[in-house]
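[1] Everything below, folded, please.
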Amino acid sequence: MGTIYKALICSSLFCTSASSFGSHNITCHPHTRTMNESNNCSVTDIEVNRHVRLTEFALYIIIFSFGSIFNALALWVFFCKIKKWTETRVYTINLIFADCFIICILPFMAYLIWNKSVRDELCQFIEAMYFINMVVSIYVVSFISIDRYIAIKYPLKARTCRSPSKAALLCGLLWVSVIIGATLRFQKRHATFCFEKDATIPIAQTLLSTFFVFSLPLATLTFCSIEIIRKLKRQLKTNSMEEKLIQKALYIIYTNLIVFLICFLPAYLGVLFRFIMEYVGTSCFLRQVMMDFFALTRCIATSNCCLDSVCYYFVTKEFQEAILLPKSSTDKTNQTQSLQINTC
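    This next block holds a predicted model:
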């Protein structure tokens with residue numbers, strides 16, 4: 001059955017699709033019908049399985065629907081209900097804006113992929129917007145983890161090196177640098193179809209980009225999270241009066257790290273597997289499997305713009321104060337300010 005399936009795949013003349021960080025092209029010739037010949041399939045684009053594609057767009061509809069509601073409510077709360085500007089509010093608002101931009105372009109992105117649109121000006125704009133806001137979202141999450149690490153690990157130094165204005169400056173520099181980098185990257189990008197992998201980019205350059213887009217933020221988030229957890233657990237042993245607050249802080253740290261890994265680790269592993277497959281060579285069947293995998297991992301990565309909202313709804317201290325806590329509770333919150341753990 002597997003041999004027949006491979007032969008059927010390699011009997012097509014031309015297929016295309018997009019992956020989570022691009023896509024492959026696989027040219028399958030009609031005479032390559034045996035198992036050995038199908039293993040020597042040349043590189044072009046395999047078409048994503050129809051059932052996988054339908055699942056992908058069903059997930060996009062869910063992400064768009066819930067993401068629109070959650071992020072709209074988040075904007076209303078952080079602009080209308082929370083009056084005090086803190087580092088957390090600055091970072092969270094930048095994260096919300098990045099997520100909102102992804103939500104806005106999601107219908108156009110789905111349309112372009114579904115119709116296998118050529119890479120025209122609209123496609124280039126959507127590609128750039130998707131890349132810019134995904135990278136900004138990832139880095140803002142890492143900035144939050146660094147800010148949280150400094151506040152808990154070095155509370156005295158935090159008073160001098162942390163401020164809303166410094167957080168705003170850091171986010172501004174992030175937006176400018178990512179926009180410039182994306183503009184230069186997509187101007188030199190050569191691809192026929194929208195969200196298609198550029199085969200002319202050297203592997204070393206792609207690996208370097210992957211390092212800065214994912215590996216570095218992941219290492220930063222993991223290190224800061226582990227150090228914060230160790231610090232809080234030591235406090236838990238010596239300060240039983242604040243046990244509930246510390247337990248809540250630990251829960252938030254674990255949640256942030258898990259959400260990040262669930263959203264981005266599959267796509268990252270997919271990129272690594274793709275490089276291995278390109279280096280050693282593989283069959284059309286395995287390329288088909290990888291294309292299906294890429295389509296789903298792109299969906300999972302995009303769901304971060306929805307999961308971010310859930311994260312700061314349920315674990316952000318300021319958000320809960322704005323909605324649930326009465327004004328008389330401000331004295332109590334001031335007493336626990338030293339253990340403030342904020343958004344994901």
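[2] Can you report how many residues neighbour K116?
    Residues lying near K116 (other CB atoms under 10 Å) number 17. C-beta: built from backbone N, CA, C; applies to glycine.
[3] before we move on, what about L208?
    So L208, with other CB under 10 Å, has 12 neighbours.
[4] residue ranges with poor pLDDT in the stretch 201-344 of the chain?
    Applying pLDDT under 70 to the stretch 201-344 of the chain flags residues 201, 239-241, 281, 310-344.
[5] Does I276 fall in a helix, a strand, or a coil region?
    Secondary structure state of I276, per DSSP: H, G, I helix; E, B strand; the rest coil, is helix.
[6] so how far is L269 from it?
    11 Å (CB to CB, to the nearest Å).
[7] go on, L122?
    31 Å.
[8] So which elements touch the helix or strand containing L261?
    Assessed by DSSP states H and E, L261 sits inside helix 243-280. Applying 3 or more CB pairs under 8 Å, 6 or more residues apart in numbering; DSSP states H and E, we find helix 243-280 packed against helix 121-153, helix 203-210, helix 216-238, helix 284-302, helix 304-315.
[9] Quick check: buried residues in the next helix or strand after the longest one?
    Moving toward the C-terminus from helix 121-153, the first helix or strand encountered (DSSP H and E) is helix 155-161. By 16 or more other CB atoms under 10 Å, the buried positions in helix 155-161 come out as A158.
[10] got the CA coordinates for helix 155-161 in CSV?
    This file holds the C-alpha atoms of helix 155-161, laid out as CSV (Å, rounded to 0.1, in the frame of the first residue of the first chain):
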residue,chain,number,x,y,z
PRO,A,155,15.1,43.6,43.1
LEU,A,156,17.5,46.4,44.2
LYS,A,157,19.1,46.8,40.8
ALA,A,158,15.6,46.6,39.2
ARG,A,159,14.7,50.0,40.6
THR,A,160,17.3,51.7,38.4
CYS,A,161,17.4,49.5,35.3
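[11] What residues of the next helix or strand along the chain from it count as buried?
    Helices and strands here follow DSSP H and E; after helix 155-161, the next one along the chain is helix 164-187. Going by neighbour count (16+ other CB under 10 Å), the buried part of helix 164-187 is A167, A168, L170, C171, L174, W175, V178, A182, R185, F186.
[12] In JSON lines, list those along with distance to R159.
    JSON lines is the format used below for the buried residues of helix 164-187 (distance: CB to CB, whole Å):
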{"residue": "A167", "distance to R159": "14"}
{"residue": "A168", "distance to R159": "18"}
{"residue": "L170", "distance to R159": "17"}
{"residue": "C171", "distance to R159": "20"}
{"residue": "L174", "distance to R159": "23"}
{"residue": "W175", "distance to R159": "27"}
{"residue": "V178", "distance to R159": "30"}
{"residue": "A182", "distance to R159": "36"}
{"residue": "R185", "distance to R159": "39"}
{"residue": "F186", "distance to R159": "42"}
